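Engineer: My questions are about this predicted structure, shown below with the sequence.
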Amino acid sequence: MNFRMPSYMPLRFFAIYIVFGLLVSFSGPIIFLGYEKAKVGVYVSFFILLFSLGYWLGIKSFRYRPLTEAYETITQFKVLKWVKIMILIFTLSQIASLGIGFASGTISASLSNVGDAYISGYADYERNTGNYSLTFLIETAAYIPYLVTTILGVLYFKKLPTSYKLMVVFAYVSIIFIHTLNNGKQKQFADLIIILLLLYVINVSGKPKKIARNLSSTILYVIGGAFGIGGLLYLLASRYEAIGIHAGNINDKIHPLMQIDFSNSLFAVFGEKIGLTIAQLSGYLSQGYYGLSLSMRESFEWTYFVGNSYSLTVFLNRFLGLPLDYRDTYPYRAALNTGWGETKWSSAFSWYAGDFTFTGTLFFYGFMAFLYSRVWIESVRFKNPISIVLFITLSIGLLYVPANNQLMHTPGSCFAIIFFLGAWVFRHNYFNFQTDRLVNRK
């Protein structure tokens, strides 16, 4: 295969990202009590090895079956039609969510109060109560339109009529307004940044001349990424400020199994206040590996291939009456035995281990890497819309591997990944377009 594209770029980035997070968990600035570093280090090393092998096999075994010009043209127009329908559905769902929020008096977005908003949002939260708000149900039902709007809406932005362009902009603004400003949540904001950056990478990969011609756009993306990271640091600092945590008392309040090491060189470079915020952010990369080491102490208890998804387990138990219980998972049992509670992370490995064993989980990720390489090729070479949605969704899931299993975490994301994976398995070749046959739409 002789594609003029960086075939292994996602693999290199992911491997560096995983190794960096692992080293952060080893060296601080957060110290974990009783952390079995050697065991975790060996496990993650095998993970990188098998993931790389699966990715390599996906690249080497790729074959392409060309489509006819007429079929390509018809299919591309159908894709644009369905993208517009999804954009409209998601716009209506966001309007409904905003209307419910204003009517109930729960909308009070303020940048200065995002920390308080996050804390108050979880004040009375109790897992597995069965109580779902109307807004939550709307967001779950609209998750596939959300992915299409935020990903393909941007991909086909220039080809959309003006009214639909405005809807795509409204989608991004309303997501930040509802989830980040009003609820104080970081994830949705971070996901939007990742989506935009990955779309840019897909657009310019293998085209160095295109990068040079669009140097100003590249600089804007870099600046935007820097502002995004700054925004995440601000949100995190606001959360801790809202509950009265600062450098003077953080080690008394965060968790008895973890401590901030203020002698770490991070604080010498950035100072106490900024260093503390960066240290808190580093927990996203490191604390899941500690949770993994705690989970590895537990005995195997099979979770019937659904334990990796809390939402799917609860759904099958509550609505279909199947004898499934999320309390059989490794993270939950480790929490009972060690005190590493549900608010802490145990990595995605621990969630899948109840379904496949820890060894089997390594091979599961090898298979995922095979798929990941395929959708990357089809995203860059053919601008395959299904592959692009899957590549970005899988990328977000892989970035959260050191923390938890975001791919199957919520009901919406669970059903969406199943839907797009099924669509890719049965129809992906029909969307491998050799050329762009769509004209700009006014």
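Structural biologist: Cool, got the structure. Please read these numbers as outputs of a predicted model, since none were measured by experiment. Residues are numbered from 1 along each chain as shown.

Engineer: Give me the neighbour count for T140.
Structural biologist: The criterion is other C-beta atoms under 10 Å. On that basis, T140 has 17 neighbouring residues. The C-beta positions use only the backbone N, C-alpha and C, and glycine is treated the same way.

Engineer: Show the contacting residues for the residue nearest to it when sequence neighbours are not counted.
Structural biologist: What sits nearest to T140 in space, not counting adjacent residues and going by C-beta to C-beta, 6 or more residues apart in numbering, is G412, at 4.3 Å. With contacts defined as C-beta atoms under 8 Å, 6 or more residues apart in numbering, the neighbours of G412 are E139, T140, A141, A142, Y143, I144, Y146.

Engineer: Farthest-apart pair in those residues, please.
Structural biologist: With C-beta to C-beta as the measure, no two of the contacts of G412 lie farther apart than E139 and I144, at 11.4 Å.

Engineer: how about the helices of the stretch 151-300 of the chain, start to end?
Structural biologist: 153-155, 162-175, 187-204, 208-213, 215-242, 250-253, 265-295 (DSSP state H, counting those that start in this stretch).

Engineer: just the stretch 301-442 of the chain next, same as before
Structural biologist: Across the stretch 301-442 of the chain, reading from the start of the chain, the helices by DSSP H, counting those that start in this stretch fall at 310-320, 330-338, 347-382, 385-399, 411-427.

Engineer: thinking again about what came up before, can you add distance to M368, pLDDT and secondary structure and give the contacts of G412 back as TSV?
Structural biologist: As requested, those are arranged in TSV below (distance: C-beta to C-beta, whole Å; pLDDT from 0 to 100; DSSP: H, G, I helix; E, B strand; the rest coil):
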residue	distance to M368	pLDDT	secondary structure
E139	26	86	helix
T140	24	87	helix
A141	27	89	helix
A142	26	92	coil
Y143	20	94	helix
I144	20	95	helix
Y146	22	96	helix
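
Engineer: Among those residues, the buried ones, what's the ChimeraX command?
Structural biologist: Restricted to buried positions by 16 or more other C-beta atoms under 10 Å, the ChimeraX selection for those reads:
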select :139,140,142,143,144,146
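
Engineer: Would you reformat the contacts of G412 as JSON lines and include distance to N404?
Structural biologist: What follows is the contacts of G412, written out as JSON lines (distance: C-beta to C-beta, whole Å):
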{"residue": "E139", "distance to N404": "19"}
{"residue": "T140", "distance to N404": "19"}
{"residue": "A141", "distance to N404": "23"}
{"residue": "A142", "distance to N404": "23"}
{"residue": "Y143", "distance to N404": "18"}
{"residue": "I144", "distance to N404": "22"}
{"residue": "Y146", "distance to N404": "20"}
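
Engineer: of the contacts of G412, closest to Q259?
Structural biologist: The shortest approach to Q259 among the contacts of G412 belongs to E139, at 36.6 Å (C-beta to C-beta).

Engineer: Was I right to think the closest one contacts A96?
Structural biologist: No: with contact taken as C-beta atoms under 8 Å, E139 and A96 are classed as non-touching, separated by 9.9 Å.

Engineer: Pick out the shakiest of the helices of the stretch 151-300 of the chain, pLDDT-wise.
Structural biologist: For those, the bottom mean pLDDT is recorded on helix 208-213, which sits at a mean of 52.

Engineer: low-confidence ranges in this structure?
Structural biologist: Applying pLDDT under 70 to the predicted model, the residue ranges of the chain that meet it are 1-5, 66-72, 105-132, 184, 206-244, 435-442.

Engineer: one step back: of all the helices of the stretch 301-442 of the chain, which lies closest to Y8?
Structural biologist: Checking those against Y8 by C-beta to C-beta gives helix 347-382 as the closest, at 8.3 Å.

Engineer: Who are the packing partners of the closest one?
Structural biologist: For helix 347-382, the packing partners by 3 or more C-beta pairs under 8 Å, 6 or more residues apart in numbering; DSSP states H and E come out as helix 9-27, helix 37-60, helix 265-295, helix 330-338, helix 385-399.
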